[in-house]
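*Asks:* this is a predicted model, with the sequence first.
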Amino acid sequence: MPDIEDIIKGTTLRETTVPLCLAGELQGEYEALERQLTDAATLVGESLAGSPRVPIAERMEDLRAEMAEHLVEFRFRALGHQAWSDLRAAHPGGDGQVFNPDTFGPAAVAACAVEPAMTVEQYKRLAEKLTYGQQEALFGAVWELNTTVATAVPFSLLASATVAGLGGEK
């Protein structure tokens, strides 16, 4: 059994990432093309030669590449117990709320942001350009980092099957 001092020295706070495509117009165009492709695919018996599906699908693939260029991966690190508790206490809620949702969310996201690092003011300016869902993705990741227990040893069926398919090769 390792010494507690060694355990303390080797312990790090949990981290997570949230990828967001910040080019909303590209997302909208992709979704419109996806509907067009679905409509074009309902034409039974049509070959792909001369099909309207081909240029639609090609544009969708081009858009995916463009969207990847606008993908930002936000990396967050949990706060220690006392820092998280202090942050919550600094943003008390009213009317039965645990915290003030207008001030706590931006403060929590900014406090946990590692890459890119940001201030509360910078997060608020960014949030003005994000959808509610994107804001919730960022805050949800921060909330989960600080309030849930990570699996002791995570397991991925896909990773395990991939490695097994290699026959032990790495």
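*Replies:* Right, received. Where do you want to start? Numbers count the residues shown, from 1 in each chain.

*Asks:* output the below-cut-off pLDDT ranges for this structure.
*Replies:* Applying pLDDT under 70 to the chain flags residues 44-50, 167-170.

*Asks:* residue closest to the middle of it?
*Replies:* Here the mean C-alpha position of the chain is nearest to the C-alpha of Val18 (Cα atoms, centre = their mean), at a distance of 2.3 Å.

*Asks:* in a strand, it, correct?
*Replies:* Yes. Inclusion of Val18 in a strand is indicated when DSSP: H, G, I helix; E, B strand; the rest coil is applied.

*Asks:* so who does it touch?
*Replies:* The contact partners of Val18, by Cβ atoms under 8 Å, 6 or more residues apart in numbering, come to 73-74, 76, 137-138, 141. (Each C-beta comes from the backbone N, C-alpha and C, glycine too.)

*Asks:* again, only using 6 Å
*Replies:* Taking Cβ atoms under 6 Å, 6 or more residues apart in numbering, we find Val18 in contact with 74, 137-138, 141.

*Asks:* beta partners of it?
*Replies:* Here Val18 sits in beta bridges with Phe74, as judged by DSSP bridges.

*Asks:* looking at the contacts of Val18, which are in helices?
*Replies:* Residues from those lying in helices, with DSSP state H as the criterion: 137-138, 141.

*Asks:* in JSON lines, list the residues you listed along with neighbour count and distance to Ala150.
*Replies:* Putting the ones in helices among the contacts of Val18 into JSON lines (neighbours: other Cβ atoms under 10 Å; distance: Cβ to Cβ, whole Å) gives the following:
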{"residue": "Ala137", "neighbour count": "16", "distance to Ala150": "18"}
{"residue": "Leu138", "neighbour count": "23", "distance to Ala150": "19"}
{"residue": "Ala141", "neighbour count": "19", "distance to Ala150": "13"}
